[in-house]
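In: with the input below, show me the fold.
(chains A, B and C)
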Amino acid sequence: MALLEVTDLGISFGGLRAVDELNMTVEQGALVGLIGPNGAGKTTVFNMLTGVYRPTDGGIRLDGENLVGKKPHEICKMGIARTFQNIRLFNKLPVLDNVKTGFHNEVTYTLPESLFHAGSYRKKEKQMDEKAMEILKVFDLDGQWDYKAANLPYGKQRKLEIARALATDPKLLLLDEPAAGMNPNETAELMETIELVRRRFQVTVLLIEHDMKLVSGICEYLYVLNFGRLLAQGTPVEVLSNPEVVTAYLGG
Amino acid sequence: MDMIKHLMETRRDSVIAFGIVIVGYVVMQALMATGNLSYTISGLMVPICAYIVMAVSLNLTVGILGELSLGHAGFMSVGAFTGIVVTTVLAGSVELPMLRLAIAMVAAALAAAVVGVIVGVPVLRLKGDYLAIVTLAFGEIIKNIVNVLYIGLDSRGLHFGLVTPRFTLEEGGKMIINGPIGVSGIDKISTFTAGFVLILITLFIILNLINSRQGRAIMAVRDNKIAADSIGISTTRYKLMAFVISAAFAGMAGTLYAMNYSTVTAAKFDFNLSILVLVFVVLGGLGNIWGSVIAAILLTALPELLRALNFNDYRMLVYAVLLIALMLFNNSNFKQRLLERRAMKQAEKEPKEVA
Amino acid sequence: MISNLIAGISLGSIYAIIALGYTMVYGIAKMLNFAHGDVIMVGGYMCFCATFYLGLPPLAGVLLAVVVCTLLGVTIERLAYKPLRSAPALAVLITAIGMSYFLQNAALLLWTANPKTFTSIVGYGSIQMGDVHITHVAMVTIAVCVVIMVALTLFTNKTKMGTAMRAVSEDKGAAQLMGISVNRTISLTFAIGSGLAAIAGVLLCSAYPMLVPTTGSMPGIKAFTAAVFGGIGSIPGAMLGGILLGVIEIFSKAYISQELSDAIVFAVLIIVLLVKPAGLLGKQVSEKV
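Out: Below is the predicted model of the structure:
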């Protein structure tokens, strides 16, 4: 069974059909790309997968469990974490705390324990600090653990968002244009980090990218979306040689 | 690792801050005992304690949760009248005034928390200014309902009436809350010491909450609701948690405040009181708990200070002008430049980090 | 029934005129001007002084009130709000509260806390048609409200200044790029809002002739509620919200409970906002993810 199964997924906003009859599967451990021109509905798909939007029709299953109708925080608990196209960090919190919020459902203690800093409070906090620092190290952010998230440079903010998502220990990580606004060097470095993360945290990755060439380097399989519909799918080589895809990009 | 050093420093800072509060208490007690405080100033001690608790608790909603509440006085009112009823009921059975006050405060906290849930569930679905106006509306509703509430006590127990006292008390019975007339003949059991203990408890619990996973979740909701949702934080749950804890402390402050006067009416806990506390929070700094404490003390003392300086007629006018001036200064280019200069000096002092 | 309805519409018209000031300022400057209620009070006192101390005719009193309040509104904006254009919303809110304290306490010094008995500008006559009883004040109030509504709608939709106002409320930056002076437009908005507040003050005091320094507070809060009720930022919304609020208030006083009428008014507001989170005529804006 595939990790993620999307069947006949569709959503309408008023009269506008933003996504229509989308079928998609993501296998355990894979690195899959969801590409397409601007306005194709890629982020809308992510929003449906994470419960921000409720699909009008179709089904989404993660490990066989239905996700449709679940709230975003419930879906996260079930194993999907994401990043956002327009970075959404907890700007006033330190870098370390941004990651620690990711452990919210992983490392827990009760409200009375936190009000009195009693019981397992100290032990659990220490455990969180250590785990968070480990993740920050992977992204080379450990030197800036006490910076306010808002004060990080742009590229590091994108990395911190991925670090925070990983802290939730997801089965499936959704990355929404992780390389947006980065220069070619930064992008290449980020792609390496994603590869590393996938192996190290044993997480399945589905990423949105606007730029086809960029994803073809690391993704094993691609889905191409155009006007809310699936235009093509296959290995990067297959997709890139598909004339319809080329037209959509150049003519769209 | 410098992280541990940092943790030690934060702990040391809070120990120092708590130390200052304790020293402040001891000094004030000594001044009062030796008769060095004027009658008005000693009369202000309990209200100041109540305002501090109000400001700190409101800061939890406005600064830490990031939602503007204009009805905090409503929870104080619920706590005040609950406290009055509980102390009256316990008057015969619990001898020790401090114990009676403590039980009343716990009851007040629970009552205010319950009202906090009732108010919070609908209110927290709204956003921004709309949320603010609905808290204002709830504050007014609470004031209005308490204003027409009648509670009497006799040997058969408590009697309740709304709009009209629909009960007749037995001989020897006591009307506790008498509608718009309010409560009179309160047993004034609040003391400065009680207020001081309440402040310590409030600071301890709220600061602990902020430095915990629940506190981080609340601040995460404040900074970015959608991102908080995406990492598995139930935004409604943590909004409500902050709101209700904030209400509970306002309830306790209400009991402290009410048991300091011989008469109390519902009209006392009005919109203006909510605003007064909000001013403390904003001037003290959003999310800055110690700032709230200092602002509550200074701004409550300021009108009295102006009175002492013979500004008597003009003192509230001066207060208003100072408030506006302070807000203008706080957001002016001048202050910005001062801060920048200080930051630059600091950067020069610190040794360059070697990458 | 009809008498109550008319009394409600009359009270609601006063709320509506005040609510217009809140809503226009909110629409343009995105701030809750808490001192607006106190401008009403100043308007009341001005008219009172003109007629009582100076012996001027009522209309001259109204005129004086409008002129003074317009100047006051513009001055407040220049001195206290303009420097905070880019400050956090809460800082502006607290400044507005400070301004409200200032006006109330200045009035307290000038006119003391003793209530002044305001002489209605249109007398105390009333007409009786069958069972229906209508005071002159109510008739004038409703008429004035209709005139203001029509004039304001024409102004915002047909004139250049009105178009500029709408543009600024839509997008300050873009309006500036199109050559609109944002500062002048905001000043104008405060001028209109405060002038309306003066008229509302005179009407309010004619209907409820007790004038104290806090006269403006409660009507101010209620009118603010009305503005939110109708959808803050929307001019027709403020009108609708104001009148509905007045009618609900008078009806709940007459048929449910005199003492609980405020609670009922605010409860209705809460219910409306829960069903329509942006008010009756407000635009719902959702955040893009």
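In: quick one: contacts for the residue in the stretch 101-250 of chain B that chain A sits nearest to?
Out: Going by CB to the nearest CB, chain A is nearest to B:S212 of the stretch 101-250 of chain B, at 3.2 Å. In short, each C-beta sits where N, CA and C put it, glycine included. By CB atoms under 8 Å, 6 or more residues apart in numbering or on different chains, the residues touching B:S212 are A:Y109, A:E113, A:S114, A:L115, A:H117, A:Y121, A:E125.
In: could you report the pLDDT at the second one?
Out: Note on A:E113: pLDDT of 94.
In: in contact with it, which residues?
Out: A:G119, A:S120, A:Y121, B:S212.
In: looking at those, which are in helices?
Out: Using DSSP state H, the members of those that fall in helices are A:Y121.
In: drop anything exposed from the contacts of A:E113.
Out: Buried by 16 or more other CB atoms under 10 Å in any protein chain shown: A:Y121, B:S212, out of the contacts of A:E113.
In: for the contacts of A:E113, give me CSV that also has distance to B:V89 and pLDDT.
Out: Converted to CSV, these look like this (distance: CB to CB, whole Å; pLDDT from 0 to 100):
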residue, distance to B:V89, pLDDT
A:G119, 35, 89
A:S120, 39, 93
A:Y121, 37, 93
B:S212, 36, 95
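In: now, which of the contacts of A:E113 sits nearest chain C?
Out: Nearest member of those to chain C, counting by CB to the nearest CB, is B:S212, at 25.6 Å.
In: what's the separation between C:R78 and C:L71?
Out: Distance, C:R78 to C:L71, using CB to CB, to the nearest Å: 10 Å.
In: isn't B:L273 right up against B:G74?
Out: No - counting by CB atoms under 8 Å, B:L273 does not reach B:G74; the two are 9.5 Å apart.
In: which one's more surrounded, these two?
Out: Taking other CB atoms under 10 Å in any protein chain shown, B:L273 and B:G74 do not tie; B:G74 has more neighbours (33 against 21).
In: so where is chain A shaky, pLDDT-wise?
Out: Low-confidence segments of chain A, defined by pLDDT under 70: A:211-213, A:250-252.
In: residue in it with the shortest distance to chain B?
Out: Going by CB to the nearest CB, chain B is nearest to A:S114 of chain A, at 3.2 Å.
In: what strand or helix carries that residue?
Out: Per DSSP states H and E, A:S114 falls inside helix A:111-116.
In: and that helix, what's buried?
Out: Taking 16+ other CB under 10 Å as the criterion, helix A:111-116 shows A:E113, A:S114, A:L115 as buried.
In: how about the helices in chain C?
Out: Using DSSP H, helices in chain C cover C:2-29, C:36-52, C:58-76, C:89-111, C:136-158, C:160-170, C:172-177, C:182-207, C:217-230, C:235-251, C:261-275.
In: next, the buried residues of the fifth one.
Out: The neighbour-count criterion (16+ other CB under 10 Å) identifies C:136-142, C:144-145, C:148-149, C:152, C:156 as the buried residues of helix C:136-158.
In: now what about it, what contacts it?
Out: Contact with helix C:136-158 is made by C:6-7, C:9-10, C:13-14, C:16-17, C:20, C:120, C:122-127, C:161-163, C:165-166, C:192, C:196, C:199, C:203, C:206-207, C:235-236, C:239, as judged by CB under 8 Å, 6+ apart.
In: of these, buried ones?
Out: So, by 16+ other CB under 10 Å, the buried ones in those are C:6-7, C:9-10, C:13-14, C:16-17, C:20, C:120, C:122, C:162, C:165, C:192, C:196, C:199, C:203, C:206-207, C:235, C:239.
In: now, which of these lie close to chain B?
Out: Cross-checking the buried ones among the contacts of helix C:136-158 against chain B (CB under 8 Å from any CB of the partner chain) gives no overlapping residues.
In: setting aside sequence neighbours, what's the nearest residue to the residue in the stretch 151-252 of chain A positioned nearest to chain C?
Out: In the stretch 151-252 of chain A, the residue that lies nearest chain C is A:D176 (9.3 Å; CB to the nearest CB). With sequence-adjacent residues excluded and distances taken as CB to CB, 6 or more residues apart in numbering or on different chains, A:D176 is closest to A:Q85, at 4.5 Å.
In: quick check: that neighbour is in a strand.
Out: No - checked against DSSP: H, G, I helix; E, B strand; the rest coil, A:Q85 lies outside a strand; its state is coil.
In: so is stretch A:57-75 next to chain C?
Out: No - Stretch A:57-75 is not in contact with chain C by CB under 8 Å from any CB; minimum separation 9.8 Å.
In: that stretch and chain B in contact?
Out: Yes - interface with chain B: stretch A:57-75 contributes A:K71, A:P72, A:H73 (CB under 8 Å from any CB).
In: next, format these as CSV and append neighbour count and secondary structure.
Out: Formatted as CSV, the residues of stretch A:57-75 next to chain B follow (neighbours: other CB atoms under 10 Å in any protein chain shown; DSSP: H, G, I helix; E, B strand; the rest coil):
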residue, neighbour count, secondary structure
A:K71, 16, coil
A:P72, 26, helix
A:H73, 22, helix
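In: contacts for the helix or strand of chain C with the lowest mean pLDDT?
Out: Using mean pLDDT, DSSP states H and E, strand C:126-129 stands out as the lowest-scoring helix or strand of chain C, at a mean of 79. With CB under 8 Å, 6+ apart as the test, strand C:126-129 has contacts from C:H133, C:I134, C:T135, C:H136, C:M139.
In: with only the CA atoms kept, save stretch C:32-50 in PDB.
Out: The C-alpha trace of stretch C:32-50 is given here as PDB (Å, rounded to 0.1, in the frame of the first residue of the first chain):
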ATOM      1  CA  LEU C  32     -10.800  52.700  16.600                       C
ATOM      2  CA  ASN C  33     -11.200  56.400  17.600                       C
ATOM      3  CA  PHE C  34     -12.200  56.000  21.200                       C
ATOM      4  CA  ALA C  35     -12.300  59.700  21.700                       C
ATOM      5  CA  HIS C  36     -15.200  60.000  19.200                       C
ATOM      6  CA  GLY C  37     -17.800  59.600  22.000                       C
ATOM      7  CA  ASP C  38     -16.300  62.600  23.800                       C
ATOM      8  CA  VAL C  39     -16.400  64.800  20.800                       C
ATOM      9  CA  ILE C  40     -20.200  64.300  21.000                       C
ATOM     10  CA  MET C  41     -20.100  65.600  24.500                       C
ATOM     11  CA  VAL C  42     -18.100  68.600  23.500                       C
ATOM     12  CA  GLY C  43     -20.700  69.300  20.800                       C
ATOM     13  CA  GLY C  44     -23.400  69.200  23.400                       C
ATOM     14  CA  TYR C  45     -21.600  71.600  25.700                       C
ATOM     15  CA  MET C  46     -20.900  74.000  22.800                       C
ATOM     16  CA  CYS C  47     -24.500  74.200  21.800                       C
ATOM     17  CA  PHE C  48     -25.500  74.600  25.500                       C
ATOM     18  CA  CYS C  49     -23.000  77.400  26.000                       C
ATOM     19  CA  ALA C  50     -24.100  79.200  22.900                       C
END
